[in-house]
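**Student:** structure, please.
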Amino acid sequence: MSLNSLNEIAEYIVSDGKGILAADESTGTIKKRFDTIDTESNENNRRTYREMLFQSEGMKDNIGGVILFDETIKQNAADGSSLVSVILKQGALPGIKVDKGLSPIEDGSGETVTNGLDDLDQRCKEYYKIGAKFTKWRAVINIGDGIPSDKCIDENMSRLAQYAKIVQVNKMVPIVEPEVLMDGSHDIDQCYSATSRVLKSLFSHLVDLSVDIGGTILKPNMVISGSTCTEQASVQEVAEKTLKCLIENVPEDLPGITFLSGGQSDIDATAHLDAMNKIGGFKWKLSFSYGRALQQAALKTWMGKDENIHSAQAAFSHRALMNKEAALGIWNKDSEN
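**Tutor:** Below is the predicted model:
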């Protein structure tokens, strides 16, 4: 596929209802997932699992990009071909997570900033040579008593913008992921307020650094009730408030918004995305960049056993198709049966 500009790459990833498979779990996170199916997290098992996903029939036409972890982008498939080439053959583009995790802000608030700027330029050059077409950096924002603070938002969004600029200089599309966590007892209006503040700050910093918005993808949280809030918002309220927040804060020349699932159930993540696309009234493509919400059914079906690979691939392919339908606004809950 001939994609010559950052804008063409970004638009391809979210074209025709396609979305992103987030398969960039760190070694620690994938171990926790494998522990739930009593499977050892070693290099071979991690490769087998991810290759199983990448070789699934449901990759074709449903997945436009795959976010990888450092180990995975350098691995080969069982037949000796690179996992990067496996992804490309399926019609998707390989991407890479480039942030280096979180460290606490030293003010006792419990808030964090994301690290990884120091050697980012050098790492981008390496990943570009391997075949990466896009990258991802995640900032984490908590809602709680007196937080998020302006200091936390400003520092994290400044770093996201610096990251995006370095990545674009290296001819890759940056995915900017400012995640307002759903952990907590806050209501949907508190999430709306925090998300709005975060997005305003992010795009202000991106513009200040002359980041090409047309060659960028936003990976935000949905505006949603906290996970332990006693009053959970309906699917329609989540869709309406998320759209209102995005329309107020996100420039129209951004090619795509690919939501994180952030701990939502498989069905909720799909239903919310579909409800937004059914409402419409926006210029960007509204799609998905799901990890758990695309993988969980496949993981539980696989259980670390080779004899379950085909069934697990079918489970993944089903979720990929359901989310494509949601990105097109044509999903129906009856399709899940």
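
**Student:** which residues touch stretch 149-158?
**Tutor:** Residues outside stretch 149-158 that contact it (C-beta atoms under 8 Å, 6 or more residues apart in numbering) are 105, 107, 109, 111-114, 139-141, 178, 197-198, 201-202, 204-205. Yep, even glycine has a C-beta here, placed from its N, CA and C like the rest.

**Student:** which among those count as buried?
**Tutor:** 105, 109, 111-114, 139-141, 178, 197-198, 201-202, 205 (16 or more other C-beta atoms under 10 Å).

**Student:** now, which of those residues sits nearest residue 282?
**Tutor:** Nearest to residue 282, judged by C-beta to C-beta, of those is residue 202 at 17.5 Å.

**Student:** find the nearest non-adjacent residue to that closest one, please.
**Tutor:** Residue nearest to residue 202 in three dimensions, not counting chain neighbours: residue 157, with 4.5 Å by C-beta to C-beta, 6 or more residues apart in numbering.

**Student:** gap between residue 308 and residue 41?
**Tutor:** Distance, residue 308 to residue 41, using C-beta to C-beta, to the nearest Å: 17 Å.

**Student:** what sits against the residue nearest the centre of the chain?
**Tutor:** By C-alpha atoms, centre = their mean, the chain has its centre lying nearest to residue 289, at 3.6 Å. By C-beta under 8 Å, 6+ apart, residue 289 lies in contact with 19-20, 22, 67, 175, 219, 258-260.

**Student:** next: residue 264.
**Tutor:** Residue 264 touches 182, 222, 224, 272, 293, counting by C-beta under 8 Å, 6+ apart.

**Student:** repeat that for 10 Å
**Tutor:** Residues in contact with residue 264, defined by C-beta atoms under 10 Å, 6 or more residues apart in numbering, are 182, 221-222, 224, 227, 238, 270-273, 290, 292-293.

**Student:** ranking those by neighbours, who comes first?
**Tutor:** Neighbour counts for the contacts of residue 264 (other C-beta atoms under 10 Å) peak at residue 273, which has 32 neighbours.

**Student:** burial check on the closest residue in space to that residue that isn't next to it in sequence, number of neighbours?
**Tutor:** Counting by C-beta to C-beta, 6+ apart, the nearest residue to residue 273 once its immediate chain neighbours are dropped is residue 326, at 4.1 Å. Other residues lying near residue 326 total 28 when counted by other C-beta under 10 Å.

**Student:** is it true that residue 326 touches residue 266?
**Tutor:** No - assessed by C-beta atoms under 10 Å, residue 326 is found out of contact with residue 266, at 11.2 Å.

**Student:** measure residue 172 to residue 200 for me?
**Tutor:** Distance of residue 172 to residue 200, computed by C-beta to C-beta: 26 Å.

**Student:** ok, those two, which is more surrounded?
**Tutor:** A count of neighbours by other C-beta under 10 Å puts residue 172 above the other of residue 172 and residue 200, at 22 against 15.

**Student:** hang on, residue 126 packs against residue 135?
**Tutor:** No - applying C-beta under 10 Å as the test, residue 126 and residue 135 come out as separate, 11.7 Å apart.

**Student:** all strands for the stretch 201-337 of the chain, in order.
**Tutor:** Counting by DSSP state E, counting those that start in this stretch, the stretch 201-337 of the chain has these strands, from start to end: 217-218, 256-259, 285-290.

**Student:** which stretches of this protein aren't confidently modelled?
**Tutor:** Along the chain, the parts satisfying pLDDT under 70 run over 1.

**Student:** all the helices of it, residue numbers only.
**Tutor:** Secondary structure of the chain by DSSP state H: the helices cover 6-13, 27-35, 43-54, 70-73, 83-89, 120-130, 150-169, 188-208, 235-249, 266-279, 292-302, 309-327.

**Student:** in stretch 245-257, what counts as buried?
**Tutor:** Buried, per 16+ other C-beta under 10 Å, within stretch 245-257: 245-246, 249-250, 254-257.

**Student:** end-to-end on that stretch?
**Tutor:** 13 Å (C-alpha to C-alpha, to the nearest Å).

**Student:** residue 92 and residue 65 touch, don't they?
**Tutor:** Yes - counting by C-beta under 10 Å, residue 65 is a contact partner of residue 92 at 5.7 Å.

**Student:** list residues touching both of these two?
**Tutor:** Shared contacts of residue 92 and residue 65, counting by C-beta under 10 Å, 6+ apart, come down to 12-13, 18, 20-21, 133.

**Student:** and of those, the nearest to residue 146?
**Tutor:** Of all these, residue 20 has the smallest distance to residue 146: 33.8 Å, by C-beta to C-beta.

**Student:** so how many other residues sit close to that closest one?
**Tutor:** 31.

**Student:** for it, give the beta-bridge partners.
**Tutor:** Assessed by DSSP bridges, residue 20 has beta-bridge partners residue 65, residue 289.
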